[in-house]
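Trainee: the sequence and its predicted three-dimensional model are supplied below.
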Amino acid sequence: MTSAAANAAPRSAEEQARFEHTLVTMFEEQISFNKLLGLTIDSVKPGDVRGRFAMRPELVGSFLHGRLHGGVISSVLDAMAGLALMVEIAAHHPHESAAQVLHRFVRMGTIDLRIDFLRQGIGRHFTATAKVTRLGGRIGSAQMALHDEGGQLIATGAASFVVS
């Protein structure tokens, strides 16, 4: 961080709210695949990144049992890990404007993803969470979880991203 950035005032509450709104809008509306999944975001606070989506016929992998497709589970957990890292990056750069922080995300990308499928994805809606486990200068890591509407754990994941 430059000395000018270190001396700048942190984002105001208004600027932080604008950043969070822009991040959620980008995530839900501008990332077409997230929109296709029906992913909506409930929280973008450091340490509390949560999203949800409803079961729909387009997301079924086993038509005989009405189970959620494994690719949907993987995609949602991957997306949530990326979002958690974005939130954490913003928290690590409190003196940057919303626009400056959003520009940091241009080069982000998944480099490793592991999903453990624990139970069948059966239900009306699902909640996904992600927490950053490490944020370095070039690589960030997160752990994720997917629960059904009863709170039962469906899948867990771990991901690493290029963040610089």
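Mentor: Arrived safely, thanks for sending.
Trainee: ok, now how distant is the most centrally placed residue in the chain from E15?
Mentor: With distances taken as Cα atoms, centre = their mean, the residue of the chain nearest its centroid is M80 (2.2 Å). Distance of M80 to E15, computed by Cβ to Cβ, to the nearest Å: 24 Å. For glycine as for every other residue, the C-beta is placed from the backbone atoms N, C-alpha and C.
Trainee: Q143 now?
Mentor: 29 Å.
Trainee: ok, and what's touching stretch 58-77?
Mentor: Contacts to stretch 58-77, defined as Cβ atoms under 8 Å, 6 or more residues apart in numbering, come from residues 33, 37-39, 51, 53, 55, 113, 115, 117, 120-123, 126, 128, 130, 144-146, 154-155, 157, 159.
Trainee: D112 contacts V162, correct?
Mentor: No. Counting by Cβ atoms under 8 Å, D112 does not reach V162; the two are 10.1 Å apart.
Trainee: quick one, strands of this structure?
Mentor: Remark: strands assigned in the chain by DSSP state E are 40-45, 48-54, 60-62, 67-68, 109-117, 125-135, 139-148, 153-162.
Trainee: least confident of those, on average?
Mentor: Mean pLDDT is lowest for strand 60-62 among the strands of the chain, at a mean of 89.
Trainee: now it: buried residues?
Mentor: V60 (16 or more other Cβ atoms under 10 Å).
Trainee: can you tell me the strand partners of it and which way each runs?
Mentor: strand 67-68 (antiparallel) (DSSP bridges).
Trainee: could you list the alpha-carbon positions for stretch 19-34 in PDB?
Mentor: Provided in PDB are the C-alpha atoms of stretch 19-34 (Å, rounded to 0.1, in the frame of the first residue of the first chain):
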ATOM      1  CA  PHE A  19     -19.900  -1.300  -2.600                       C
ATOM      2  CA  GLU A  20     -22.000  -4.100  -1.100                       C
ATOM      3  CA  HIS A  21     -25.000  -3.200  -3.200                       C
ATOM      4  CA  THR A  22     -22.900  -3.100  -6.400                       C
ATOM      5  CA  LEU A  23     -21.200  -6.400  -5.500                       C
ATOM      6  CA  VAL A  24     -24.600  -8.100  -4.900                       C
ATOM      7  CA  THR A  25     -26.100  -6.700  -8.100                       C
ATOM      8  CA  MET A  26     -23.000  -7.700 -10.100                       C
ATOM      9  CA  PHE A  27     -23.100 -11.200  -8.600                       C
ATOM     10  CA  GLU A  28     -26.900 -11.800  -9.000                       C
ATOM     11  CA  GLU A  29     -27.600  -9.900 -12.200                       C
ATOM     12  CA  GLN A  30     -24.400  -9.400 -14.300                       C
ATOM     13  CA  ILE A  31     -22.900 -12.800 -13.900                       C
ATOM     14  CA  SER A  32     -25.300 -14.700 -16.200                       C
ATOM     15  CA  PHE A  33     -24.500 -18.100 -14.800                       C
ATOM     16  CA  ASN A  34     -25.300 -17.100 -11.300                       C
END
